[in-house]
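Colleague: Okay, here's the prediction I keep looking at, along with the sequence it came from:
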Amino acid sequence: MTNPYTTPIPPTPRPPDTRPLHKRVLVWVGGTALLITGALIGSAGGDGQQPVETKVKPATTITATVTARPEPGPTVTETVKAKAKPGPTVTVTKTTTAKAASSGSGSSGGQDSTGTCSIVSNAGNCYSAGQFCRNSDHGAITTTAGGTKIKCTYRSNAWRWTYI
């Protein structure tokens, strides 16, 4: 007995003419058409002829130039006045000595009772506690009209004068 796993099996030969006739004819016709098309395209290229260059003769050009001179227009002169520059600001500070208050006058010991303000509003009035401060007064100390010391501090989302 022979072993089927060791013996080679010969390949099965293909029977001749298994393709239908119309497919074989189409393959030959298509190949021939491609060959003829390629030959025609290749032969139509240059035919070995050189292109002819034509040279153009220059034509005569006539140029006329006309220069127009305009009449002079009126001259406009603008006079500008010089603006005066502001002069320097002079600040005069007068220092006076306060009279000593007697101990029997009823004045409280920590307050200045002179009634003068070192910082005043734009209208010339003394500030009082609770009023808004100017930007230039932030952190400054002054007195009210009554002589109580106040300071410009940041409280309640705003700069205000508060008692010290």
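Modeller: Structure's in. What do you need?
Colleague: in this structure, which spans are helices?
Modeller: 21-43 (DSSP state H).
Colleague: What ranges in it fall below the confidence cut-off?
Modeller: For the chain, the stretches with pLDDT under 70 are 1-2, 4, 14, 16-21, 44-52, 95-115.
Colleague: Go ahead and flag the most central residue of it.
Modeller: Among the residues of the chain, the one closest to the centroid is Asn135, at 32.1 Å (CA atoms, centre = their mean).
Colleague: Could I get the contacting residues of that residue?
Modeller: Going by CB atoms under 8 Å, 6 or more residues apart in numbering, Asn135 touches Trp159. C-beta coordinates here come from the backbone N, C-alpha and C atoms, glycine included.
Colleague: The one 10 residues further on too?
Modeller: Residues near Ala145 by CB under 8 Å, 6+ apart: Gly115, Cys117, Asn125, Cys126, Ser128.
Colleague: 10 Å - rerun?
Modeller: Ala145 sits next to Gly115, Thr116, Cys117, Val120, Asn125, Cys126, Tyr127, Ser128 when contact means CB atoms under 10 Å, 6 or more residues apart in numbering.
Colleague: Now compare those residues and name the two farthest from each other.
Modeller: The largest separation in the contacts of Ala145, counting by CB to CB, is between Thr116 and Ser128 at 14.4 Å.
Colleague: Return the member of the contacts of Ala145 nearest to Pro88.
Modeller: Val120 (21.5 Å).
Colleague: Hmm, Thr144 and the closest one touching each other?
Modeller: No - in this structure Val120 lies outside contact range of Thr144 using CB atoms under 10 Å: 11.1 Å.
Colleague: quick one: the strands in the chain?
Modeller: Per DSSP state E, the chain has strands spanning 141-143, 149-155, 158-163. These are given in chain order.
Colleague: how distant is the second one from the center of its chain?
Modeller: Strand 149-155 sits 42 Å away from the centroid of its parent chain (CA atoms, centre = their mean, to the nearest Å).
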